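Chemist: sequence below, structure please.
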Amino acid sequence: MGKIYKSGRTTFAFILIVLTILGFAYELYDIQIKNHEFYAAQNNNVKTYTVPLQGARGEIVDRNGNPLVTNRQANSIVLNAAYFPSSEENEERNRIVLNLIKLFNRNNEEYVHNLPLKLKGKKVVFFTEKDDEKYETSIKTMKSKDMLNLQPYATAANCFNAMVEKYGLESYVKSGDLKNALEIGNIRYELTRLLFSVSNPVTIAEDVSDKTVAEIKEMTDTYRGADVRVVAFREYADSTLAPHILGTVRKINAEEYSELKKEGYGINDDIGESGIELAMESRLRGVPGEMTVTIDGDGNVTEEITKEPSQGDTIVLTIDRDLQRVAQQKLGEICRSVDYYDSTGAVVVENCNNGEVLAAASYPSFDLKDYYEKYSELLKDKNTPLYNRFAMGAYAPGSTFKPMMATAALQEGVISENTVFDCNKIYHVNEMDFKCTATHGGENVRTAIRDSCNIFFYNCARRLGIEKMNLYGSMFGLGEKTGVEIPESKGILAGPEYRKRFDMLWHPGDTVQAAIGQSDNLFTPLQLCNYCATIANGGTRYQMHFVKASISNSTGVANDSGVNIVRTIDVSENNIKIVQEGMRMVATSGGPAYVFNNIDTKVACKTGTSQVVVHGVKHNNGFLITYAPYNNPEIAVASAIELAGSGSSTSEITSSIINYYYSQNTNEKKAQREGELIN
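Modeler: Here you go, the predicted structure:
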């Protein structure tokens, strides 16, 4: 028994020794063979960092491939923590920053100024004076716990003193050099704000000259840690063309970064701020690359691009560059010719058969090239050039509403094409008098559209009722968003439902006023154009859109945005034809006839006016909806000119657009609906 026990212990000990040897052998294999590089790096105190490289944004072109927004390469100056003095060398950091500031000032270079403090004279510090929310946010950020850690009520002097202490700038203050203290603090503040590290170099000057680049490269000790990066900047073929559509790009802010970093955004990245730049951000944004930075135990730095960045997709817009230019130029001419005050307005051109926006202009406008430089000035401009009137401007449409009223009345059977109402200029509703512009006598639906007879449509309204009127208004998309990719107003379709929001009653007199496009009705030029296109094509309402396709930068494959039919309106072909005939009569013998009878293309249209009061004086806004050609509709045009006096006065804009469109499309053929088979 004892021998057996002794033998068992010997066996166990042997197994234990074997396992121990095997364990040491595996560890030796792991250190010397399997993970040799890792352990070697540990022994040499090697540190590896990954630095993101921003990919260039995709380009934006018009429907014909003409470039609208492209990129150009330029030099930016970044501070690179791999070469910049460590935080223990604070005085050296400040010396290098001051050297860079002197260089930038000497060469007239713009550099970052995100610290909202300024000097008045040589001693008084105050908050930067601006009139926008960004200013308030920047002060709040400066006082935050992660920055200067001050109370919300801290003064500008408190902020300056905290900055001096944080960045060790006391020697500059003692010598009376507050200006340089503030300038150095401004750059140091930017490094703190943007989480400066080896993995996160910070840009301090963009689009600098070759002279500045050469000096930084030649004097590496003077500017230690400053690096030159070749980056892409937005370039515009014509920076005044379609700015409200194209939109702007800016640096990502702190709130956006906290949300988007999970999607791979860096704190230094650009992001679309408005327009197509914002709407198509996911497509336009470039794919980031990566640089691997290795620092060994002796402080030697090596950099290697381990993943090349790539450009974002190309966005093809529906707009025609040259048609857009014609629309903008003629709109500006007409607005500037109004006698009363500085007039404003908008015009939209749509393909009737697929919802593509061919042109859309708002006046006054702005220049994308100096948008940020002149932002405060643009913001204060009384004519609000930043305001997008074709998408956000909601107007009482006046008589442009009447074709919809005629369609509804015909389809509901409350009138026929032969129904005649007598117009003696006055219409009575519950002891209230509503007027027409003239005494028209007997009017049928066609002549009522031509003459814009209010009395005829008052009668239609009494027979239809507001519910039926609004049912058809909604069918035509009035008071509803059109679906374009950029922000747009919903507008208002007048009726009891809208009044209920404000605890107000709807009266019979409101119904007859709504019938002529007044009361609470407010529609955008986009909606008016889409409504006109729906009448023109026989009752198909398409979703309006600015994006025709996106082209992948990696594969070259075009992804068409497609065509979306929002609604097919249940109206007979004959009833639509009657309304179209009435609109044709407006063009041939109504107010705009003096213009439209002198162009080669036959059109159909409807004018409209709505009254506004400016400085106590009554004026009329003018509206015009038009489609062409009359017998074979291809395009619809809607214009809205504030203080124009009448809708007819806007016909010159429309005629210029139609003349240009058909001078460039000489091979006119039968318009074909999207989705129809070709015979």
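Chemist: quick check: closest non-adjacent residue to the residue positioned nearest the centre of the chain.
Modeler: Taking CA atoms, centre = their mean, the centroid of the chain lies closest to Gly275, which sits 1.7 Å from it. Computed as CB to CB, 6 or more residues apart in numbering, the closest residue to Gly275 that is not its neighbour in sequence is Gly247, at 2.0 Å. (Glycine included, C-beta is placed from N, CA and C.)
Chemist: mind listing what His113 touches?
Modeler: Counting by CB atoms under 8 Å, 6 or more residues apart in numbering, His113 touches Asn186.
Chemist: helix, strand or coil for it?
Modeler: Secondary structure, DSSP: H, G, I helix; E, B strand; the rest coil: His113 is coil.
Chemist: what's the neighbour count on the nearest residue to Asn383 once chain neighbours are set aside?
Modeler: For Asn383, the nearest residue in space outside its immediate sequence neighbours is Pro364; the separation is 5.0 Å by CB to CB, 6+ apart. Here the number of neighbours of Pro364 (other CB atoms under 10 Å) works out to 20.
Chemist: touching, Pro364 and Leu386? I think so.
Modeler: No - distance between Pro364 and Leu386: 9.4 Å, which falls outside the contact criterion (CB atoms under 8 Å).
Chemist: how close does Thr626 sit to Ala604?
Modeler: From Thr626 across to Ala604, the span is 7 Å (CB to CB, to the nearest Å).
Chemist: next, show the common contact partners of the two.
Modeler: Common neighbours of Thr626 and Ala604 (CB under 8 Å, 6+ apart) are Ala587.
Chemist: hmm, Val249 and the residue nearest to the centre of the chain touching each other?
Modeler: No - shown here, Gly275 and Val249 do not form a contact pair, counting by CB under 8 Å, at 9.6 Å.
Chemist: pull out the buried positions in stretch 48-58.
Modeler: 49, 51-58 (16 or more other CB atoms under 10 Å).
Chemist: biggest separation within these, which pair?
Modeler: Farthest apart among the buried residues of stretch 48-58 by CB to CB are Tyr49 and Gly58. That separation is 28.5 Å.
Chemist: and Tyr363, how many residues sit next to it?
Modeler: Other residues within reach of Tyr363 by the criterion other CB under 10 Å amount to 26.
Chemist: surely it meets Ser337?
Modeler: No - no contact is recorded between Tyr363 and Ser337 when judged using CB under 8 Å, the distance being 11.7 Å.
Chemist: contacts only, for the residue nearest to the centre of the chain.
Modeler: Gly275 makes contact with 243-248, 486, according to CB under 8 Å, 6+ apart.
Chemist: redo that, cut-off 6 Å
Modeler: 245-247, 486 (CB atoms under 6 Å, 6 or more residues apart in numbering).
Chemist: from those residues, which two are the most distant?
Modeler: For those, and using CB to CB, no pair is farther apart than Leu246 and Ile486, which are 9.7 Å apart.
Chemist: low-confidence ranges, the protein, go.
Modeler: 1-44, 129-134, 339-341, 613-617, 645-648, 665-679 (pLDDT under 70).
Chemist: one more time with 50
Modeler: Of all residues in the chain, those with pLDDT under 50 make up the ranges 1, 3-5, 41, 666-679.
Chemist: for the stretch 151-300 of the chain, which segments count as helices?
Modeler: With DSSP state H, counting those that start in this stretch as the criterion, the stretch 151-300 of the chain has helices at 156-166, 170-174, 178-193, 210-218, 243-246, 254-260, 275-279, 281-284.
Chemist: and Ile565, which of those is closest to it?
Modeler: Shortest distance between Ile565 and those, using CB to CB, is found for helix 275-279: 21.3 Å.
Chemist: would you mind putting the CA coordinates of that closest one into PDB?
Modeler: Extracted C-alpha coordinates of helix 275-279, given in PDB (Å, rounded to 0.1, in the frame of the first residue of the first chain):
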ATOM      1  CA  GLY A 275     -28.900  73.200 -48.100                       C
ATOM      2  CA  ILE A 276     -27.800  70.200 -50.100                       C
ATOM      3  CA  GLU A 277     -24.500  70.200 -48.200                       C
ATOM      4  CA  LEU A 278     -26.500  69.300 -45.100                       C
ATOM      5  CA  ALA A 279     -29.300  67.200 -46.700                       C
END
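Chemist: distance from that helix to the middle of the chain?
Modeler: Per CA atoms, centre = their mean, to the nearest Å, the displacement of helix 275-279 from the mean C-alpha position of its chain is 4 Å.
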